[in-house]
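Engineer: sequence first, predicted model second:
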Amino acid sequence: MKQSKFESAIESILSVLIGFVVSYLAWPPIAALSDIEYDHSQHFSVIFLFTVLSVVRSYIVRRLFNARILTAWRTK
């Protein structure tokens, strides 16, 4: 079954949003255990930047994978 570009984008965004929440909640105890000082604006900014990069990466990988699977299936 082919996934539309819109469906790929929604799936990628949902997956990354879940990752954002997990990262946002996980960082404070990790920083405390590692004795790393930070403020909440830095915390949010860094996680937000990596989240944006993750959305783009996830979308590109999904589209490439979808295109290659369809091409391989059609040639058989």
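Structural biologist: Happy to help now that I have it.
Engineer: quick one, helices of the chain?
Structural biologist: Ranges of helices within the chain are 5-34, 40-75, based on DSSP state H.
Engineer: lowest average pLDDT across those?
Structural biologist: Note on the helices of the chain: lowest mean pLDDT is at helix 40-75, with a mean of 81.
Engineer: right, and residue 9 touches residue 60 too?
Structural biologist: No - contact criterion C-beta atoms under 8 Å: residue 9 and residue 60 do not qualify, at 10.9 Å. C-beta: built from backbone N, CA, C; applies to glycine.
Engineer: and these two? Which one has more around it.
Structural biologist: Neighbour count, other C-beta atoms under 10 Å: between residue 9 and residue 60, residue 9 has more, with 16 against 12.
Engineer: so residue 41 versus residue 13, what's the distance?
Structural biologist: As judged by C-beta to C-beta, to the nearest Å, residue 41 and residue 13 stand 23 Å apart.
Engineer: okay, those two: which has more neighbours?
Structural biologist: More neighbours surround residue 13 than the other of residue 41 and residue 13, with 15 against 8 (other C-beta under 10 Å).
Engineer: excluding residues flanking it in the chain, which one is nearest that one?
Structural biologist: residue 55 (5.9 Å; C-beta to C-beta, 6 or more residues apart in numbering).
Engineer: go on, residue 30?
Structural biologist: In space, and not counting its chain neighbours, residue 30 is closest to residue 36: 8.0 Å by C-beta to C-beta, 6+ apart.
Engineer: quick check on the one you found: phi, psi?
Structural biologist: Torsion angles at residue 36 (phi, psi; degrees, to the nearest 10) stand at phi -110, psi 130.
Engineer: so how far is residue 49 from it?
Structural biologist: Applying C-beta to C-beta, the value for residue 36 to residue 49 is 17 Å.
Engineer: now do residue 41
Structural biologist: 12 Å.
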